[in-house]
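[1] Fold the following for me, if possible:
(one chain, ligands or ions: 1)
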Amino acid sequence: MNDVSVSATNATEAIEKDVVIVGAGPVGLFAVFELGLLDLNAALIDILDKPGGQCAELYPEKPIYDIPGFPVVTGDGLVDKLMEQIKPFNPTFHLGRMVETLQRLPDGRFRLTTDMDDTFICKVVVIAAGGGSFQPKRPPVPGIEAYEGTSVFYSVRRMEEFRDHDLLIVGGGDSALDWTLNLQPLAKSLTLVHRRDEFRAAPDSVNKMKALLADGKIRFQLGQVSGLRGGDGQLSAATVKDSKGYETDVACTRMLPFFGLTMKLGPVANWGINLDENLIPVDTERFETSEPGIFAIGDINTYPGKLKLILCGFHEAALMAQAAVHIVYPEKRIVFQYTTSSSSLQKKLGVI
Ligand SMILES: Cc1cc2nc3c(=O)[nH]c(=O)nc-3n(C[C@H](O)[C@H](O)[C@H](O)COP(=O)(O)OP(=O)(O)OC[C@H]3O[C@@H](n4cnc5c(N)ncnc54)[C@H](O)[C@@H]3O)c2cc1C
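    This is a model prediction of the structure:
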């Protein structure tokens, strides 16, 4: 994976860009390229901690066979190539944060805020939010809501918050095993709970976890969490039930369940844009929403004949950029050019 310069701190000042792209999936990434060719700079915001959307999160190692020019490429492989392709345009990545609000300012520009308290100001918004925001699946443990955000967390934003805690990590996939390995040195104690003795995570992680177990540095409990004990949002123990119904109490002050992610439309629904069954209707000339200056491309939009394919999203990005440039530079005359023959485009790409 190419390097991504991620915004690490919460910005206190607003970040100003020509364009803010909500969603760093394949279509949001390619939009940076099409906008860049027209001299529009962009910020990409994504709730995930990595670029690539569904390709990176749902099928990183699966082959895709219908990307033009690539007879076969994996999800991760495509994301790597897109990252390489947009590098000349130096977009800023603001990962691990969800865009919550979108408002129009009196001067016609837009203001977006995230759940990490960043503020962005821009002239054009591109919603490339795919199936919506990835949100963690909540395990079916009675009363778990009372501990969420205080003792139960579905992601690790700052490892330090887990230092010196009795940790309970639940799950058998990559996230559960990666965080078991990463948090073990910080934790006071760490217990991994999984319903089976087999793990879906990468074999290397499984081997490392088993080595920690053999050294007595972590504990493993077979079963499922069936109840939680504590008060005022502070967890003190979890009950783990095995397949025969036997229950064991495990002392813990922090619990991290990793049960995968589901996609929900999320805050997009509150931005005052016309929706059609959780999708955003757009025209097929500009891919603009019901709000001028707000575009929607990729899986999130709908129009007659829409196909939820990556290549369709790429086409939509190209046409969107041709419309967006007139909003950012209303006076500029735009001459259509090919990358093959335009030295001006080649300079922007840094190839001459
Ligand atoms: C298993 C599988 C196989 C597939 N195979 C193919 C294939 O072979 N060929 C093909 O063309 N397509 C395939 N697809 C479909 C393809 O993955 C999608 O069409 C593509 O990912 C859409 O890209 P996108 O950028 O529009 O959205 P996404 O990839 O969904 O990315 C959207 C991003 O927006 C972010 N986001 C959403 N809301 C917010 C918010 N409020 N704030 C911040 N970030 C937000 C999300 O976190 C996400 O990362 C497949 C899909 C799946 C699930």
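[2] C-alpha only now, for contacts and for neighbours.
    Fine.
[3] Roughly how far does residue 199 sit from residue 20?
    Separation of residue 199 from residue 20 (Cα to Cα, to the nearest Å): 39 Å.
[4] which residues sit against stretch 332-348?
    For stretch 332-348, the external contacting residues (Cα atoms under 8 Å, 6 or more residues apart in numbering) are 36-37, 88-89, 326, 352.
[5] Residue 199 and residue 20: which is more packed in?
    Shown here are residue 199 and residue 20; by other Cα atoms under 10 Å, residue 20 has more neighbours (29 against 17).
[6] Do I have it right that that one meets residue 43?
    Yes: assessed by Cα atoms under 8 Å, residue 20 is found in contact with residue 43 at 4.9 Å.
[7] Tell me the residues of the stretch 1-150 of the chain that contact the ligand?
    Within reach of the ligand by Cα under 6 Å from any ligand atom, the stretch 1-150 of the chain has these residues: 22-28, 45-48, 53-55, 58-59, 64-66, 97-100, 128-134.
[8] Can I get the contacts of stretch 332-348 in TSV including pLDDT?
    Output for the contacts of stretch 332-348, formatted as TSV (pLDDT from 0 to 100):
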residue	pLDDT
36	98
37	97
88	97
89	98
326	97
352	94
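[9] Is it possible to get a markdown table of these that adds secondary structure and neighbour count?
    Shown next, in a markdown table, are those (DSSP: H, G, I helix; E, B strand; the rest coil; neighbours: other Cα atoms under 10 Å):
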| residue | secondary structure | neighbour count |
| --- | --- | --- |
| 36 | helix | 21 |
| 37 | helix | 23 |
| 88 | helix | 17 |
| 89 | helix | 20 |
| 326 | helix | 14 |
| 352 | coil | 9 |
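[10] Closest to the ligand out of the residues you listed?
    residue 36 (17.2 Å; Cα to the nearest ligand atom).
[11] how near is that closest one to residue 260?
    Taking Cα to Cα, one finds residue 36 at 34 Å from residue 260.
[12] With residue 163 instead?
    24 Å.
[13] Comparing those two, which shows the higher neighbour count?
    residue 260 (19 against 16).
[14] what sits against that one?
    136-137.
[15] Find the residue at the geometric middle of this structure.
    residue 48 (2.2 Å; Cα atoms, centre = their mean).
[16] sorry, back to before: can you flag the buried ones in the residues of the stretch 1-150 of the chain next to the ligand?
    22-28, 45-48, 53-55, 64, 97-100, 128-134 (16 or more other Cα atoms under 10 Å).
[17] Can I take it that residue 268 is in a helix?
    Yes: membership of residue 268 in a helix is supported by DSSP: H, G, I helix; E, B strand; the rest coil.
[18] For whichever strand or helix holds residue 167, enumerate the helices and strands it packs against.
    Per DSSP states H and E, residue 167 falls inside strand 166-170. Under the contact criterion of 3 or more Cα pairs under 8 Å, 6 or more residues apart in numbering; DSSP states H and E, strand 166-170 touches helix 174-183, strand 189-194, strand 254-257.
[19] Now mean pLDDT too, for these, in TSV please.
    Written out in TSV, the entries for those read as follows (pLDDT from 0 to 100):
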stretch	mean pLDDT
helix 174-183	94
strand 189-194	98
strand 254-257	98
